[in-house]
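Trainee: build me a model:
(chains A and B, ligands or ions: 4)
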Amino acid sequence: MDILFPILTVGILGIFLGVIIGIVAKVFAVDIDERIEQVEEMLPGANCGGCGFAGCADFAKGVVAGKATPAGCPVCSPEDVVAISEYLGIAAEEKEKMVALVRCSGDIPNTVRSLYNGVRDCRSAVLVAGGAKGCDYGCLGFGSCAEACPFGAIEIRNGLAVVHKELCVGCENCVAACPKNLITMVPASAATHVYCNSPEKGAVKRKVCKTACIACRKCVKASGEEDYMEIDGFLVRSNYENPPPASLVEAAGCPTSALRVDTEHIKGAYGGASK
Amino acid sequence: MSEKPRKFKGGVHPNDSKALSAHKAIQEAPLYGTYKVIMHQNIGAPPELLVKKGDAVKKGSLLCKASGFVSVPLHAPTSGTVKMIDKVPGPTGISVPCIVIEADGEDEWGCPFEPIADWQKTDPAELKQRVWDAGIVGMGGAGFPAHVKLSPPEDKPVDKLILNGAECEPYLTADHRLMLEQAEEVVLGAAILARILGLETAVIGVEDNKPDAIQALEKVAGKYNIEVVSLPVNYPQGAEKQLIYAITGREVPVGKLPSDVGCVVQNVASAVAVAEAVVKGIPSIERITTVTGKPLNDPGNWKLRIGTPIDEVLKLTGGIKEQPAKLLLGGPMMGIAQSSLDVTVMKNTSGVLLIAKDEVSLYTSEPCIRCGRCVDCCPMQILPATISQAVENNRFDWAERLNVMACIECGSCSYSCPSHRPLNQQFKRAKVEIRAGLRK
Ligand code: SF4
Ligand code: SF4
Ligand code: SF4
Ligand code: SF4
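Mentor: Ligands and ions are numbered 1, 2, ... in the order given. Next comes the predicted model:
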């Protein structure tokens, strides 16, 4: 019989608390928009932060609230963007796919380097004599960017970071990781780039790097009427408003092979080419 | 002497190798054809350029003027023409702008200010202005503008002026020779600095491995009521906070300045520069630098104009007898390795050091064995081993909580680590990342 009393007490207490929880849940209920969950389902779930929100869930909230458009996600394919837009009943935006470009071609055979025996990461290396590389502006090749890339799109080859364009989703995580500010985002459709970042005079660059852009302007001349290239002091760059076609590389005959077609560059086709 | 110096906690005793150059008297370098004067030689704002290509300059005339309070003017090291504004690798390896001066060989004087004949009666504010006008910075290595240290905030009265003659860096003997050969000027500089600060006296701290310098200073110190303190040899005795503790027993809290504990520390070479600026009217255009290392034929101490190219400096020592493995500006503990011979002498270049091939070894860093040597020797009493783990995991927030910001980058921990862990470099990185985070 002694057991009856505790059972009754606990039982009644349980029922009482249950009722209270029920009331609280009803009164203070938060409306969850099931569209948020649905949009989150449809997102790639990479949580890379490339959209500027604190991950995919936060981005889904933003999209539903109208603070962002589905195209803001760099990882989504155009089909994904259309699917999400249709689901939400908004117009699908066209988005230009952007990819990362490491503006340097100074791999180990092409550049002067001094011996460096410290921490193997670019952000630490740059604190010691600017990073053991003849060129102040070039890639150090310790892969701080590759480490920052959630998609494994950057390979360090011969002491040079190379972006695998097909893997890059354009999240920009690598841009901030590079202590030399070498990485810029360019339209994925552009194929031809100047792989050099040094604003120094041609003679100065050539002393330390075989494949530097020496601003000879052959590529500018080969462009003819088109403004494919932009001149910025002693450095020429592709004009991404009107990007040069791959054929320009052949036509220009860049004397240092700083001007390259990205697919060939990724394959390592240029080697130490220098005329 | 009033108090016995204390021993700060930690520290290491690297082989000092000072015998290579300690007995060599200071020699004056000849005039060169071209000087490359780096424009930004001080901590703080870069000065404002006053000259352009083709301008004629005289020895001591202004090249740049201060662009703010924490900035100092720059003077021409000799007379000649400004050839161009070029770029040379700065001490940290990154290219920095410099003024190239083609000397005319006349070395004609043209300094904008006159000597102050009677400094003992001159207003301290005027003396301080002179220190600023002369472009004097901390010549021990930091390059912090001297006049800023001489302007403590009003609510923090300074009662102690300390002259740093510890020269605890191995190999370097420039300050040693300076104290020995120009003891009177060191003491005079101390007295002028004391007057600027409104103090009666000053203390010169010297490590006891330089008994001749201590003797020389003691002989003349009485003239201006200056005290000379002999300090035990312990690296980093010459670090500001360690020196203050050794002499006064006061501890400078993390993130605070010497003025927070009522102290001002100036290097002995800066004191001599102050004396010359005041009584002779000479701006900061030259300094004593130790050029040393085993690969050199004839290491020594040289009086060099700022802007002297390092390859010319190396020729002064009769060239090299073996191919060196490393070139450092500064000493082996805190000096910075260089990747180019194009570097030039700056106001804070205390040493040019060549390291021979058989003196360096390439280590690979191994995992920490938790021996605790780094903890024992850290003069700031932080935990290098633990912070190193935080940094390796990119947890700069942990590193910050573990007080990495207190690290004075003395390198004692890296020096003593049997696993050859790059501790100091990791902490440098952590400090950069933390500062970048704070700025955001
Ligand atoms: S390469 Fe850069 S932009 Fe491309 S996915 Fe990787 S981190 Fe993002
Ligand atoms: S691109 Fe930048 S971060 Fe990447 S390896 Fe080169 S220097 Fe390092
Ligand atoms: S942690 Fe910093 S202060 Fe401590 S020994 Fe290492 S370098 Fe020196
Ligand atoms: S000295 Fe090196 S091995 Fe020893 S505890 Fe410190 S980091 Fe670890």
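Trainee: so where do the strands sit in the stretch 51-200 of chain B?
Mentor: Assigned by DSSP state E, counting those that start in this stretch, the strands in the stretch 51-200 of chain B fall at B:56-57, B:62-65, B:74-75, B:80-89, B:95-103, B:160-165.
Trainee: most packed of the ones you listed?
Mentor: strand B:74-75 (a mean of 28; mean count of other Cβ atoms under 10 Å in any protein chain shown). (C-beta placed from N, C-alpha, C; glycine too.)
Trainee: who are the packing partners of it?
Mentor: strand B:62-65 (3 or more Cβ pairs under 8 Å, 6 or more residues apart in numbering or on different chains; DSSP states H and E).
Trainee: parallel or antiparallel, which strands does the strand it packs on pair with?
Mentor: For strand B:62-65, the pairing partners within the sheet under DSSP bridges are strand B:48-49 (antiparallel), strand B:74-75 (antiparallel).
Trainee: show me what contacts the closest residue to A:Lys218 other than its chain neighbours?
Mentor: Of all residues not flanking A:Lys218 in the chain, A:Ala252 sits nearest, at 4.8 Å (Cβ to Cβ, 6 or more residues apart in numbering or on different chains). Shown in contact with A:Ala252 (Cβ atoms under 8 Å, 6 or more residues apart in numbering or on different chains): A:Lys218, A:Cys219, A:Lys221, A:Ala222, A:Ser223, A:Leu259.
Trainee: now do the fifth one against A:Pro187, distance only.
Mentor: This means A:Ser223. 18 Å (Cβ to Cβ, to the nearest Å).
Trainee: next one: the second one
Mentor: Relative to A:Pro187, A:Cys219 is positioned 18 Å away (Cβ to Cβ).
Trainee: so for these two, which sits in the more crowded spot?
Mentor: A:Cys219 (25 against 16; other Cβ atoms under 10 Å in any protein chain shown).
Trainee: the nearest residue to B:Asp104 once chain neighbours are set aside pairs with what?
Mentor: Distances taken as Cβ to Cβ, 6+ apart place B:Gly80 nearest to B:Asp104, at 4.5 Å, with adjacent residues excluded. Here B:Gly80 shows beta-bridge partners B:Val57, B:Ala103, assigned using DSSP bridges.
Trainee: and B:Ser230, by the same measure?
Mentor: Assigned bridge partners for B:Ser230, using DSSP bridges, are B:Val206.
Trainee: now do the same contact list for it.
Mentor: Counting by Cβ under 8 Å, 6+ apart, B:Ser230 has contacts B:Pro5, B:Val206, B:Glu207, B:Asp208, B:Pro211, B:Ile214.
Trainee: A:Thr184 too?
Mentor: With Cβ under 8 Å, 6+ apart, A:Thr184 has these contacts: A:Ala100, A:Leu101, A:Arg103, A:Val175.
Trainee: now stretch A:115-123, how far from the centre of its chain.
Mentor: Chain-centre distance of stretch A:115-123: 23 Å, with Cα atoms, centre = their mean, to the nearest Å.
Trainee: max-length helix in chain B?
Mentor: For chain B, the helix reaching the highest residue count under DSSP state H is reported as helix B:423-439.
Trainee: can you pull the buried residues of that helix?
Mentor: B:Leu423, B:Asn424, B:Gln425, B:Gln426, B:Phe427, B:Lys428, B:Arg429, B:Ala430, B:Lys431, B:Val432, B:Glu433, B:Ile434 (16 or more other Cβ atoms under 10 Å in any protein chain shown).
Trainee: so what's the residue count around residue 77?
Mentor: You didn't say which chain, so I picked chain A. Neighbour number of A:Ser77 under other Cβ under 10 Å is 12.
Trainee: oops, chain B please
Mentor: 28.
Trainee: quick one: contacts for it?
Mentor: B:Tyr35, B:Val37, B:Lys59, B:Ile101, B:Ile285, B:Glu286, B:Arg305, B:Ile306, B:Gly307, B:Thr308.
Trainee: so who does the last one touch?
Mentor: With Cβ under 8 Å, 6+ apart as the criterion, the residues that contact B:Thr308 are B:Ala29, B:Tyr32, B:Tyr35, B:Pro77, B:Thr344, B:Val345.
Trainee: same deal with the second one?
Mentor: With contact set as Cβ under 8 Å, 6+ apart, B:Val37 has these partners: B:Leu63, B:Leu74, B:Ala76, B:Pro77, B:Cys98, B:Ile99, B:Val100, B:Ile101, B:Ile306, B:Gly307, B:Thr344.
Trainee: mind running it again at 7 Å?
Mentor: B:Leu63, B:Leu74, B:Pro77, B:Cys98, B:Ile99, B:Ile101, B:Ile306, B:Gly307 (Cβ atoms under 7 Å, 6 or more residues apart in numbering or on different chains).
Trainee: then the fifth one?
Mentor: Under the criterion of Cβ under 7 Å, 6+ apart, the contact partners of B:Ile285 comprise B:Gly60, B:His75, B:Pro77, B:Arg305, B:Ile306.
Trainee: ok, the third one to ligand 2 distance?
Mentor: Read it as B:Pro77. According to Cβ to the nearest ligand atom, to the nearest Å, B:Pro77 stands 36 Å off from ligand 2.
Trainee: what does A:Phe59 give?
Mentor: Counting by Cβ to the nearest ligand atom - A:Phe59 and ligand 2 are separated by 26 Å.
Trainee: that residue: what secondary structure?
Mentor: Of the three states, A:Phe59 takes helix according to DSSP: H, G, I helix; E, B strand; the rest coil.
Trainee: how about the one 3 residues further on?
Mentor: On the three-state scheme (three-state DSSP), A:Gly62 is labelled helix.
Trainee: same question for the one 5 residues further on.
Mentor: Reducing the assignment to helix, strand or coil with three-state DSSP, the entry for A:Lys67 is coil.
Trainee: that one: how many residues sit nearby?
Mentor: 11.
Trainee: would you map the helices across the chain?
Mentor: In the absence of a named chain, this looks at chain A. Going by DSSP H, chain A shows helices at A:4-27, A:34-42, A:56-64, A:78-88, A:122-125, A:144-148, A:173-177, A:202-208, A:218-222, A:247-252, A:262-267.
Trainee: my question was about chain B, not that one.
Mentor: Under DSSP H, chain B gives helices at B:124-133, B:146-149, B:174-181, B:183-197, B:211-221, B:240-248, B:268-275, B:310-316, B:373-377, B:384-392, B:396-401, B:412-416, B:423-439.
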